[in-house]
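>>> Coordinates for the following, if possible.
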Amino acid sequence: MLKVMVVDDSAFARRMMRRALEEAGHTVSEADGGAAALELYPATRPDVVTLDLLMPGMEGAEVLQRLLDLDPGARVIVCSSNVQTVVKSRLLALGARGYLTKPPAREALLQALAAATEPSSHA
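As a prediction, this is how the structure comes out:
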């Protein structure tokens, strides 16, 4: 069982992710944006963060960088409707442990969690 923080400005997207994760036995916390995620992260110490890219206030790439500044071992999986290879490559280079296209299929989400938490997955 993992502790997963779902960061997305869409309540619907958070609800769908929560359902899939809880059905798989994981514990879920939610943040509705980047500032909330940065505030919640130290208190919850999640094993993995799923992170939307396009959010008002602070976009996902900045949240990713700040999470990694806060905790260099943070495991972040970006979940976005942006399918551009250059965007995916940039985020993986910044330190994301995975990249899923929204809405992620349940199996793809669970596989990404497993891959992100493998000891050898840290670049």
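
>>> make it CA atoms for all contacts and neighbour counts henceforth
OK.

>>> Which pLDDT value belongs to the residue sitting nearest the centre point of the chain?
In the chain, the residue lying closest to the centroid (Cα atoms, centre = their mean) is residue 50, at 1.5 Å. pLDDT for residue 50: 97.

>>> For it, give me its contacts.
4, 5, 6, 7, 76, 77, 78, 79 (Cα atoms under 8 Å, 6 or more residues apart in numbering).

>>> Need the three-state assignment for it.
The three-state label given to residue 50 by DSSP: H, G, I helix; E, B strand; the rest coil is strand.

>>> Adding neighbour count and pLDDT, write the contacts of residue 50 out as CSV.
Below are these laid out as CSV (neighbours: other Cα atoms under 10 Å; pLDDT from 0 to 100):
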residue, neighbour count, pLDDT
4, 25, 98
5, 26, 98
6, 28, 98
7, 29, 97
76, 29, 97
77, 25, 97
78, 25, 96
79, 24, 94
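
>>> Please point out which parts of the lengthiest helix in the chain sit buried.
As assigned by DSSP state H, the longest helix anywhere in the chain is helix 11-23. For helix 11-23, burial by neighbour count (16 or more other Cα atoms under 10 Å) applies to 13, 14, 17, 18, 20, 21.

>>> Reformat these as CSV; add pLDDT.
Converted to CSV, those look like this (pLDDT from 0 to 100):
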residue, pLDDT
13, 94
14, 96
17, 95
18, 96
20, 96
21, 97
